[in-house]
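Enquirer: I need the structure of the sequence given here:
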Amino acid sequence: MDNSVPPPREDKIFLYSLLPFASVIIAALILLGIILLDTSLPALKEYGIGLFMRNVWKPREDGPGEYGLLAPIIGTLETAIIAVIIALPMSLSLLILTEEMMPNKWRDLVSTLIDVMAGLPTILYGLWGIEVLIPFLRDHFMSFLHEKIGFIPLLSCQPLSGSSILAAGMLLSIMIIPFIYVIIRESYSTIPQSLVEAAIAYSSGWRHYVKFKIGLIKPALLGGLLLGFGRAAGETVAVALVIGNSFHLSSCIFAPGYTISSLIANQFANSMYYPLMSSVLFAGGLFLLSTGLALNYAGVKLIRRSRKLCQAV
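Expert: The predicted structure follows:
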């Protein structure tokens, strides 16, 4: 459509009629931020910035108690980092396998299964984590690593129950693989055919051909990593089932821990009985919202940059 020609009156009316629906989405996000900030203010006034830098959780019924969110913040970062370290190379490998090596009928089947995985209720992943992942990691992975290289601080603690930061991170990696895969697949599919043909003509082998195409979507890979990190950091139910839910700050990934989301899920029902606890939990939610918005904004910008680069080349 020629942008220099003004749209007909009927089109203008139709476009303006869509504005209220689009505004609801933006208003909901703004309202969410306002509510989180407003309910977090009592805790922020009481503890200040130290709320996010102290490792303490001592509720009191007769007073404000002592609270600090450092342990769940560190747990959130640790589990999300483990998740993206595992998920990104696996998503990239899956992309190469499906897009370059599989016949079309198998490619469509695998892509459909990945989309189904992305839509499964997260509680199912949590239950699978309890019954399968935790026993396997405890008996065949954690114990072996602790016995062989337990002098490394990250692996220094004895894996007792198996519920741990590592278990949560590995479960999250499985959950975000479909998410990252879809993101990088969309960018991979936007590579112009002329560049694909040039890569085939001038590459010295299949490995160089794939490497050339992956190089064109590097910003999308980083964007997928950031979006996957944000997705992993905000997961709640599955993580709460496998992380151990211990308010403990440890350098060992075999130890149980907490994330902000699992802390909110476990403590919110009882927060009404303790002064300021609910406000502290809302402050944790505010931290998640701020972090998620920043990561998602950066990730979307990188993905758009990747698409523009492919179109410009």
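Enquirer: just the helices in this protein please.
Expert: For the chain, helices defined by DSSP state H occupy the ranges 9-47, 70-96, 104-119, 122-128, 134-136, 143-149, 165-189, 193-202, 206-216, 218-234, 237-242, 260-267, 277-312.
Enquirer: Give me the pLDDT value at residue 309.
Expert: Listed pLDDT for residue 309 reads 68.
Enquirer: pLDDT-wise, which helix or strand of the protein ranks last?
Expert: None of the helices or strands of the chain scores lower by mean pLDDT, DSSP states H and E than helix 193-202, at a mean of 75.
Enquirer: Format the helices of the chain as a markdown table; extra columns: mean neighbour count.
Expert: Glycine gets a C-beta too; all of them are placed from N, C-alpha and C. Output for the helices of the chain, formatted as a markdown table (neighbours: other CB atoms under 10 Å):
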| stretch | mean neighbour count |
| --- | --- |
| helix 9-47 | 12 |
| helix 70-96 | 21 |
| helix 104-119 | 12 |
| helix 122-128 | 17 |
| helix 134-136 | 17 |
| helix 143-149 | 13 |
| helix 165-189 | 24 |
| helix 193-202 | 11 |
| helix 206-216 | 15 |
| helix 218-234 | 23 |
| helix 237-242 | 25 |
| helix 260-267 | 22 |
| helix 277-312 | 18 |
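Enquirer: can you tell me which of those helices the model trusts least?
Expert: helix 193-202 (a mean of 75).
Enquirer: Alpha carbons of that one, in PDB - could you do that?
Expert: Provided in PDB are the C-alpha atoms of helix 193-202 (Å, rounded to 0.1, in the frame of the first residue of the first chain):
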ATOM      1  CA  GLN A 193      18.100 -17.400  -0.500                       C
ATOM      2  CA  SER A 194      20.800 -15.600  -2.500                       C
ATOM      3  CA  LEU A 195      23.100 -15.800   0.600                       C
ATOM      4  CA  VAL A 196      22.300 -19.500   1.000                       C
ATOM      5  CA  GLU A 197      23.200 -20.200  -2.600                       C
ATOM      6  CA  ALA A 198      26.400 -18.100  -2.200                       C
ATOM      7  CA  ALA A 199      27.300 -20.100   0.900                       C
ATOM      8  CA  ILE A 200      26.800 -23.300  -0.900                       C
ATOM      9  CA  ALA A 201      28.900 -22.200  -3.900                       C
ATOM     10  CA  TYR A 202      31.800 -20.800  -2.000                       C
END
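Enquirer: can you give me the offset of that helix from its chain's centre?
Expert: Here helix 193-202 shows a centroid-to-chain-centroid distance of 34 Å under the convention CA atoms, centre = their mean, to the nearest Å.
Enquirer: name the helices or strands packed onto it?
Expert: In terms of contacts (3 or more CB pairs under 8 Å, 6 or more residues apart in numbering; DSSP states H and E), helix 193-202 is packed against helix 206-216.
Enquirer: and the helix it packs on, what does it pack onto?
Expert: Right, helix 206-216 is packed against helix 70-96, helix 193-202, helix 277-312 by 3+ CB pairs under 8 Å, 6+ apart.
Enquirer: Out of those helices, which is closest to residue 31?
Expert: When those are compared by CB to CB, helix 277-312 sits nearest residue 31, at 11.8 Å.
Enquirer: what angle separates that closest one from helix 193-202?
Expert: Per axes from the mean of the first three to the mean of the last three CA atoms, to 10 degrees, the angle that helix 277-312 makes with helix 193-202 is 70 degrees.
Enquirer: now the helices of the chain as JSON lines including distance to residue 58?
Expert: Formatted as JSON lines, these follow (distance: least, CB to CB, whole Å):
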{"stretch": "helix 9-47", "distance to residue 58": "12"}
{"stretch": "helix 70-96", "distance to residue 58": "13"}
{"stretch": "helix 104-119", "distance to residue 58": "40"}
{"stretch": "helix 122-128", "distance to residue 58": "28"}
{"stretch": "helix 134-136", "distance to residue 58": "29"}
{"stretch": "helix 143-149", "distance to residue 58": "31"}
{"stretch": "helix 165-189", "distance to residue 58": "22"}
{"stretch": "helix 193-202", "distance to residue 58": "60"}
{"stretch": "helix 206-216", "distance to residue 58": "50"}
{"stretch": "helix 218-234", "distance to residue 58": "25"}
{"stretch": "helix 237-242", "distance to residue 58": "21"}
{"stretch": "helix 260-267", "distance to residue 58": "13"}
{"stretch": "helix 277-312", "distance to residue 58": "10"}
